[in-house]
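Undergrad: Give me a model of this one.
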Amino acid sequence: MKTTWRSLLCAVAACLSFAGCGRAPAINIMGSFFPAWMICLTAGVILAFVARSVLLRFRLETEVGPLALFYPCVVILSTCLLWLIFFR
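TA: Numbers count the residues shown, from 1 in each chain. Down below sits the predicted model:
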């Protein structure tokens, strides 16, 4: 009886994990399909440059923590937010 439940549980887990592989989010740009995360990462880096210029404009860059930690976090945050907004 345990073997039946265990195999059923494995089958259900496999079906649930493979359900996300139905369609890869890709964007057609001039005939080439780019992954959506790559587009969001590029936009995230651009937004980090915009954030840096805003902080420099208002002379607030000295007020944030370590810059080597701050700007990668800005890139990750903006990349994830863009992906969630446009592709989920």
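Undergrad: need the contact list for P25.
TA: 35-37, 87 (Cβ atoms under 8 Å, 6 or more residues apart in numbering). From N, CA and C alone the C-beta is placed, and that goes for glycine too.
Undergrad: And it, what's its pLDDT?
TA: Looking at P25, its pLDDT stands at 72.
Undergrad: how far away is it from S32?
TA: P25 sits 15 Å away from S32, going by Cβ to Cβ, to the nearest Å.
Undergrad: before we move on, back to that, looking at the contacts of P25, which is nearest L8?
TA: L8 has its nearest neighbour among these in F87, at 33.2 Å by Cβ to Cβ.
Undergrad: List the contacts of that closest one.
TA: Neighbours of F87 in contact, by Cβ under 8 Å, 6+ apart: 25, 36, 40.
Undergrad: quick one: it and T62, what's the gap?
TA: Noted for F87: a distance of 36 Å to T62, by Cβ to Cβ.
Undergrad: After the helix or strand bottoming out on mean pLDDT in the chain, which helix or strand is next?
TA: Ranked by mean pLDDT, DSSP states H and E, the weakest helix or strand in the chain is helix 2-18, scoring a mean of 73. Next helix or strand after helix 2-18 toward the C-terminus (DSSP states H and E): strand 26-29.
Undergrad: pLDDT below threshold where in this structure?
TA: Within the chain, the set of residues satisfying pLDDT under 70 comprises 1-3, 15-24.
Undergrad: what about L81, how many neighbours?
TA: 14 (other Cβ atoms under 10 Å).
Undergrad: Which residue would you name as the spatial centre of the chain?
TA: With distances taken as Cα atoms, centre = their mean, C80 lies nearest the centre of the chain, 3.7 Å away.
Undergrad: doesn't it fall inside a helix?
TA: Yes - under DSSP: H, G, I helix; E, B strand; the rest coil, C80 falls within a helix.
Undergrad: In contact with it, which residues?
TA: By Cβ under 8 Å, 6+ apart, C80 lies in contact with C40.
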